[in-house]
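> What follows is a predicted protein model with its sequence.
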Amino acid sequence: MRSRLYSLLEAHQRIDGQLRFEQQRRWKDWLRISQLKKLKLPVKDLIHRQTLQAGRA
């Protein structure tokens with residue numbers, strides 16, 4: 001289960017890095033920013049569920 005959590009955390013960090021890059025660009029791609037935010041939220045929810053399950057075990 002830890003490897004699953006680790007891979008989710010990596011994915012979250014990767015998406016977050018891409019999002020920060022897009023937000024700092026001079027000419028922002030608002031469509032890409034929106035897509036990245038929509039990708040980041042489900043990953044964050046999965047991380048939360050994994051940590052709750054790990055706490056119960």
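Nice, thanks for sending it over.
> residues contacting the residue positioned nearest the centre of the chain?
Nearest to the geometric centre of the chain sits residue 12, at 2.6 Å (C-alpha atoms, centre = their mean). By C-beta atoms under 8 Å, 6 or more residues apart in numbering, residue 12 lies in contact with 40, 43-44, 47. C-beta: built from backbone N, CA, C; applies to glycine.
> So which of those is the closest to residue 55?
Taking C-beta to C-beta as the measure, residue 47 is the one of those closest to residue 55, at 12.7 Å.
> Would you indicate which residues of the helix or strand hosting the closest one are buried?
Residue 47 is part of helix 30-56 when elements are defined by DSSP states H and E. Neighbour-count burial for helix 30-56 flags 36, 39-40, 43, 47, 50 (criterion: 16 or more other C-beta atoms under 10 Å).
> Stretch 13-23 now?
Residues 15, 18-19, 22 are the ones in stretch 13-23 that count as buried (16+ other C-beta under 10 Å).
> Make a markdown table from those and add distance to residue 56 and secondary structure to it.
Listed next are these as a markdown table, based on distance: C-beta to C-beta, whole Å; DSSP: H, G, I helix; E, B strand; the rest coil:
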| residue | distance to residue 56 | secondary structure |
| --- | --- | --- |
| 15 | 27 | helix |
| 18 | 32 | helix |
| 19 | 31 | helix |
| 22 | 37 | helix |
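> and which of those residues is nearest to residue 55?
Nearest to residue 55, judged by C-beta to C-beta, of the buried residues of stretch 13-23 is residue 15 at 24.2 Å.
> So, low pLDDT: which residues of the chain?
Scanning the chain for pLDDT under 70 picks out the ranges 1, 57.
> could you redo the last one with a cut-off of 90?
Where the chain drops to pLDDT under 90, the residues are 1-2, 53-57.
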